[in-house]
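S.K.: Sequence and predicted structure are below.
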Amino acid sequence: MLKQILFGTTILIANSAASAENFMDAKWAETACDAWNKNTTLTGELSGNAWIANNKGRGYKIIQMYRTECGEKTKVQLNIADKDGKAMCVYGGLPDGKKIDTSIDYIMHAKDQRWTELGNTEYGPMKAMMFGRLKFKGPKAEAMSVMGPFGVFLELAGSIPGEKGKENCPVMPETPATQEKP
């Protein structure tokens with residue numbers, strides 16, 4: 001019952017937000033950031049714990065995502081920071097040039113079909129990663145320690161509207177290079 005309520009809340013938030021032209025474009029990332037901030041599981045359960053504090057003193061964590069069909073050059077980014085005791089999304093859009101460190105930050109991608117399945121809660125993050133449906137770089141042990149909120153995030157990401165299909169890949173302007181720490 002609680003899962004259905006959370007899912008319904010996620011869909012309501014996603015559908016009430018401005019629809020992105022293409023799934024996982026810059027506008028979609030802004031919508032995802034707003035939806036994150038309206039989700040009490042994400043803002044509450046990820047605050048005041050090791051997840052939000054694991055930022056090497058930078059004060060934020062980065063989550064980058066893209067659609068496998070569209071390629072790595074179409075990444076979008078969310079920056080999450082502790083604001084007033086809550087894990088808040090403080091930026092959603094194209095990569096902003098901040099250096100990615102996969103010991104604290106996350107990069108993930110999946111095929112459109114898989115993002116849709118995650119959004120529909122056909123399965124959760126554990127199955128998605130175990131069967132290679134969600135490709136993932138980042139602190140895996142940390143993600144496993146917050147599996148509930150991680151699942152809510154993937155559900156949220158997969159349910160925000162936007163046109164899918166290779167013909168609807170976002171056209172991204174040139175952005176500052178983001179480097180991944182080896």
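M.R.: Right, received. Where do you want to start? Numbers count the residues shown, from 1 in each chain.

S.K.: count of neighbours near residue 100?
M.R.: Residue neighbour count, defined by other CB atoms under 10 Å, stands at 20 for residue 100. Placement of C-beta: from N, CA and C, glycine included.

S.K.: Once you drop chain neighbours, what's closest to residue 44?
M.R.: residue 86 (6.7 Å; CB to CB, 6 or more residues apart in numbering).

S.K.: which residues sit in contact with that neighbour?
M.R.: Residues in contact with residue 86 (CB atoms under 8 Å, 6 or more residues apart in numbering) are 43, 44, 47.

S.K.: Strands along the protein, start to end?
M.R.: 61-67, 76-83, 86-93, 106-110, 135-137 (DSSP state E).

S.K.: who touches the second one?
M.R.: The set of residues external to strand 76-83 that reach it, using CB under 8 Å, 6+ apart, is 24-26, 28-29, 32-33, 36, 46-47, 52-53, 59-66, 87-96, 98, 170.

S.K.: could you give the angle of that strand to strand 86-93?
M.R.: Here strand 76-83 runs at an angle of 150 degrees relative to strand 86-93 (axes from the mean of the first three to the mean of the last three CA atoms, to 10 degrees).

S.K.: Neighbouring strands - and their directions - for strand 76-83?
M.R.: If you go by DSSP bridges, strand 76-83 pairs up with strand 61-67 (antiparallel), strand 86-93 (antiparallel).

S.K.: how much space between residue 148 and residue 124?
M.R.: To residue 124, residue 148 is 9 Å away according to CB to CB, to the nearest Å.

S.K.: oh sorry, the question was meant for residue 136
M.R.: 13 Å.

S.K.: now residue 21
M.R.: Computed as CB to CB, the residue 21 to residue 124 distance reads 29 Å.
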